[in-house]
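[1] When you get a sec, could you give me coordinates for this:
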Amino acid sequence: MIIATAGHVDHGKTSLLHALTGTDADRLPEEKKRGMTIDLGYAYLPTPEGGMVGFIDVPGHERFLGNMLAGVGGVRHALLVVAADDGVMPQTREHLAILQLLRLDSLTVAISKCDLADAEQLERVLAQTRQTLAAPGLPLAALFPVSAASGAGIDALRRHLLQLPSGDLGVERRFRLAIDRAFIIGGAGLVVTGTAWGGRVEVGDTLWLSGKEVPMRVRGLHVQNQPARQGQAGQRIALNLSGEAEKQDIQRGDWLLAAAPPAPAASVSVRLRLTAAPHAQLRHWQPVHIHHAASHCTGRIVLLEQAQLNPGDAGLAELALDRPLHLADGDRLILRDAGAQHTLAGAVVLERQPPTRGKRHAERLAYLCALDAAAGDDAGQLRLRLQRQALSLPELAWDRQLSETGLTRLLDAAPLQIAGQHAYAPEHWARLQLQLLERLQTLHLQQPDQLGASRGRMRRLALPLESEAAVNLMIDQLLASGKLLNTRGWLHLPEHVLAFTPQEAVLWQRLEPAFGTDGQACWVRDLAALGGVEEEEARALLRKAARLGHVHAVVPDRYFSGAAIRRMAAVVRDLNQQAGYADAANFRDQLGCGRKLAIQVLEYFDRSGFTRRLGDKHLLREAQLFD
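    Prediction:
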């Protein structure tokens with residue numbers, strides 16, 4: 001468990017931690033010289049069970065509020081320090097507002113320096129503190145008068161902090177650690193420290209370092225300042241790393257992640273809650289500073305329900321970020337004004353990829369409210385998101401911070417159709433299949449003399465936004481149910497059947513033997529002479545024979561039999577499997593024909609969608625054609 005301190009400058013936070021733990025959390029020479037905390041410091045307190053409670057000492061001066069915000073992200077408990085001789089001061093209120101916006105599990109308050117105040121002054125400060133804490137949003141665990149100098153109240157405060165519940169730390173989620181320091185240790189190398197937001201990590205694991213965007217191996221761990229083999233969410237962890245990153249490549253705010261994340265978000269949908277301070281107002285497109293975990297960027301507010309929010313208001317909005325951030329569902333952000341003088345609001349991430357249109361439609365706002373209401377429910381979030389579109393499983397796993405086991409468990413518990421890396425609601429899947437059949441029916445009406453369409457063409461005509469894996473699975477299911485037929489690679493409805501007329505069948509019987517069994521090509525003029533008919537009549541018959549799949553016109557008026565084309569297609573498949581491509585040279589060598597004919601056949605395969613051309617190479621595009 002980690003506890004963050006908070007409070008006004010010079011109210012004794014660092015001295016109190018020293019009295020509690022025996023550790024001086026001020027580590028910088030400048031801090032020693034000035035007697036003031038400037039950056040984050042750390043101290044640890046052993047528990048009776050052999051564990052360790054970690055403390056993050058944050059600066060109290062308003063100039064270093066950014067450092068304070070980097071320290072409280074991901075922490076579930078806080079220790080607010082109010083000096084008995086000063087009482088509640090401006091940064092006390094500022095820090096308290098931030099803690100309330102972060103919705104921590106509990107807050108403990110220490111009235112420090114009680115040896116410097118008489119009984120009447122101490123009572124006034126206690127009353128003032130209770131009144132300040134009366135605002136809703138942050139449960140008060142306890143309030144302790146203490147003195148770091150005399151030791152009064154320290155033991156009682158220590159006992160209280162040691163028995164605080166750890167709560168739901170997200171240990172079963174994927175590992176995510178917000179980096180706040182990076183340094184070099186002689187003999188060990190690169191070390192980074194931070195707060196683990198979720199999951200577990202072990203020595204030997206490979207983690208993804210954001211910022212540098214490289215994998216890093218965990219050579220060693222210190223957890224809560226003790227050597228360990230494993231660390232987990234809710235702990236301070238130091239990781240000795242090896243990989244293609246140096247100390248200068250790592251910035252405060254980078255992440256160590258269980259796996260490479262999706263692209264960082266440039267805009268997110270959020271639920272805003274403003275502080276009650278008089279200066280807390282937000283207007284549409286107002287510039288703000290945005291703090292997330294140990295990172296900080298600027299951006300603008302896109303209000304979705306009204307043009308302005310006033311102190312204490314809540315509302316739906318989008319954040320347009322000047323620098324994309326690695327955000328996930330439920331992450332909490334702190335917004336400050338453009339001058340970085342005042343804390344304005346907190347934000348909870350509802351959706352990482354908002355649409356570009358229809359942001360303020362009633363249906364859209366109702367959907368965001370539903371996401372907010374189901375914030376902690378993975379199954380509820382899955383149902384809501386599937387109502388609107390197919391879900392990318394890698395994106396879902398990141399958004400909900402699901403481990404592989406957690407994702408599998410979630411998917412197994414829901415009636416879904418999984419296609420490749422996407423999940424579909426059954427009713428959505430059925431609608432897409434019906435859309436495919438209806439588009440094929442329209443194609444039959446538009447081209448009654450065509451046998452049907454290839455798989456690739458059906459996807460382009462009916463479902464261009466769906467993945468190839470999804471459309472192929474839909475087609476396979478429709479074929480298995482008999483709602484769709486496949487004739488020589490061409491898809492068509494069962495009732496759509498092409499056939500020769502009796503007169504055409506008689507003529508075809510006279511012409512078909514001319515193609516022989518060796519795959520030779522025939523010209524229309526030669527076939528017309530063989531059949532004793534005019535060239536135009538022979539040409540019309542061969543066009544229909546081509547639509548039926550009996551022959552193929554590689555060039556105008558020159559036809560190969562279907563069997564010959566299938567043999568040549570098999571050669572192209574083999575070449576793609578062996579060499580990675582077919583070209584005029586290797587195809588010609590395999591066929592034993594001239595270069596001109598090899599080029600003509602390959603170009604025909606390109607036109608039909610069987611292959612696609614890349615320079616002089618012909619790559620398989622739809623391998624099931626001509627099979």
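
[2] What segments of the stretch 151-300 of the chain are helices?
    Using DSSP state H, counting those that start in this stretch, the helices of the stretch 151-300 of the chain run over 154-162.

[3] Where does the prediction get shaky in it?
    167-169 (pLDDT under 70).

[4] try 90
    Residue ranges of the stretch 151-300 of the chain with pLDDT under 90: 164-172, 225, 234, 276-279.

[5] where does the chain have its least confident helix or strand?
    helix 29-34 (a mean of 50; mean pLDDT, DSSP states H and E).

[6] Whichever helix or strand comes after that one pairs with which strands?
    Counting by DSSP states H and E, the next helix or strand C-terminal to helix 29-34 is strand 41-46. Next to strand 41-46 in the sheet, as set by DSSP bridges, lie strand 52-57 (antiparallel).

[7] which of the residues in the next helix or strand after the partner strand are buried?
    Downstream of strand 52-57, the first helix or strand assigned by DSSP H and E is helix 65-72. If you call a residue buried by 16 or more other CB atoms under 10 Å, then helix 65-72 has these buried ones: 65, 67, 68, 69, 70, 71, 72. C-beta: built from backbone N, CA, C; applies to glycine.

[8] Now tabulate those in JSON lines and tack on distance to residue 281.
    Below are the buried residues of helix 65-72 laid out as JSON lines (distance: CB to CB, whole Å):
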{"residue": "65", "distance to residue 281": "19"}
{"residue": "67", "distance to residue 281": "26"}
{"residue": "68", "distance to residue 281": "23"}
{"residue": "69", "distance to residue 281": "20"}
{"residue": "70", "distance to residue 281": "26"}
{"residue": "71", "distance to residue 281": "27"}
{"residue": "72", "distance to residue 281": "24"}
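
[9] Please render the residues you listed as CSV that adds distance to residue 234 and pLDDT to the earlier fields.
    What follows is these, written out as CSV (distance: CB to CB, whole Å; pLDDT from 0 to 100):
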residue, distance to residue 234, pLDDT
65, 24, 78
67, 21, 79
68, 20, 79
69, 19, 82
70, 17, 80
71, 15, 78
72, 14, 83
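
[10] so how far is the first residue of stretch 277-289 from its last?
    17 Å (CA to CA, to the nearest Å).

[11] for stretch 179-193, same thing?
    End-to-end span of stretch 179-193 (CA to CA): 6 Å.

[12] Could you list every helix and strand that the strand ranked longest in the chain packs against?
    Identified as the longest strand of the chain according to DSSP state E is strand 314-325. Judged by 3 or more CB pairs under 8 Å, 6 or more residues apart in numbering; DSSP states H and E, the packing partners of strand 314-325 are strand 265-274, strand 287-292, strand 295-303, strand 343-351, helix 362-373.

[13] which one of those is the most hemmed in?
    Highest mean neighbour count among those (mean count of other CB atoms under 10 Å): strand 343-351, with a mean of 24.

[14] Show me what the mean pLDDT comes to for that strand.
    Mean pLDDT, strand 343-351: 96.

[15] repeat for stretch 420-436
    95.

[16] buried set for that stretch?
    Neighbour counts over stretch 420-436 (16+ other CB under 10 Å) mark 422, 423, 424, 425, 428, 429, 432, 433, 436 as buried.

[17] and for it, what are the contacting residues?
    Residues from elsewhere that reach stretch 420-436 (CB atoms under 8 Å, 6 or more residues apart in numbering): 382, 386-387, 389-394, 396, 411, 415-418, 458, 462-463, 466-471, 473-475, 477-478.

[18] change it to 7 Å
    Stretch 420-436 has contacts (CB atoms under 7 Å, 6 or more residues apart in numbering) with 386-387, 390-394, 411, 415-417, 458, 462-463, 466-467, 469-470, 474, 478.

[19] hmm, back to that, next step: the buried residues of stretch 420-436 restricted to strands.
    422, 423, 424.

[20] how about TSV for these, with distance to residue 310 added?
    As requested, these are arranged in TSV below (distance: CB to CB, whole Å):
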residue	distance to residue 310
422	42
423	41
424	43
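
[21] Of the residues you listed, just say which sits nearest to residue 165.
    residue 423 (35.2 Å; CB to CB).

[22] Run through the bridge partners of the closest one.
    Residues in beta-bridge contact with residue 423 (DSSP bridges): residue 391, residue 418.

[23] Relative to residue 384, how far out is residue 492?
    38 Å (CB to CB, to the nearest Å).

[24] More neighbours: which of the two?
    Neighbour totals were compared for residue 492 and residue 384, and residue 492 leads with 20 against 16 (other CB atoms under 10 Å).

[25] Tell me how many other residues crowd the nearest residue to the more buried one once chain neighbours are set aside.
    Nearest residue to residue 492, sequence neighbours excluded (CB to CB, 6 or more residues apart in numbering): residue 452, at 3.3 Å. The burial count assigned to residue 452 is 24, neighbours taken as other CB under 10 Å.

[26] which residues sit in contact with residue 452?
    Counted by CB under 7 Å, 6+ apart, residue 452 has contacts 487, 490, 491, 492, 496.

[27] Top of those residues by number of neighbours, please.
    Among the contacts of residue 452, the one with the most neighbours (other CB under 10 Å) is residue 491, at 22 neighbours.

[28] re earlier: out of the buried residues of helix 65-72, flag the one nearest to residue 601.
    Nearest to residue 601 among the buried residues of helix 65-72, with distances taken as CB to CB, is residue 70, at 64.9 Å.

[29] these two touch, right, the closest one and residue 294?
    Yes. Between residue 70 and residue 294 there is a contact at 4.3 Å, judged by CB atoms under 7 Å.

[30] Look up the residues that both of the two are in contact with.
    180, 252.

[31] what's the distance between the residue sitting furthest away from the middle of the chain and residue 541?
    Among the C-alpha atoms of the chain, the one farthest from their average position, using CA atoms, centre = their mean, is that of residue 532, at 68.2 Å. The spacing between residue 532 and residue 541, counted by CB to CB, is 13 Å.

[32] Also residue 563?
    18 Å.

[33] Tell me which of the two has more neighbours.
    When residue 563 and residue 541 are compared for neighbours, residue 541 comes out ahead with 24 against 13, by other CB under 10 Å.

[34] what's near enough to touch that one?
    Counted by CB under 7 Å, 6+ apart, residue 541 has contacts 504, 507, 508.

[35] Thought residue 263 was touching residue 398, still the case?
    No. Shown here, residue 398 and residue 263 do not form a contact pair, counting by CB under 7 Å, at 10.2 Å.

[36] Neighbour count for those two, which is higher?
    residue 398 (23 against 9).

[37] Would you tell me what helix or strand residue 396 is located in?
    helix 393-399.

[38] swap in residue 470?
    Assigned by DSSP H and E, residue 470 falls in helix 468-481.

[39] And for that helix, what's in contact with it?
    419, 420, 422, 432, 433, 436, 455, 459, 463, 484, 486, 491.

[40] List phi and psi for the second one.
    Spelled out, it's residue 420. phi 60, psi -120 (degrees, to the nearest 10).

[41] What separation is there between it and residue 474?
    Counting by CB to CB, the gap from residue 420 to residue 474 is 12 Å.

[42] quick revisit: and the helices and strands packed on strand 314-325 as TSV, adding distance to residue 25?
    TSV is the format used below for those (distance: least, CB to CB, whole Å):
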stretch	distance to residue 25
strand 265-274	31
strand 287-292	21
strand 295-303	22
strand 343-351	24
helix 362-373	37
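
[43] Can you check which of these gets nearest to residue 164?
    Per CB to CB, nearest to residue 164 of the helices and strands packed on strand 314-325: strand 343-351, 22.4 Å.

[44] circling back: over the longest strand of the chain, what's the mean pLDDT, rounded is fine.
    97.

[45] Can you list the strands that the next helix or strand after that strand pairs with?
    Next helix or strand after strand 314-325 toward the C-terminus (DSSP H and E): strand 332-337. Here strand 332-337 has these sheet partners by DSSP bridges: strand 287-292 (antiparallel), strand 343-351 (antiparallel).

[46] what angle do strand 332-337 and helix 65-72 make?
    170 degrees (axes from the mean of the first three to the mean of the last three CA atoms, to 10 degrees).
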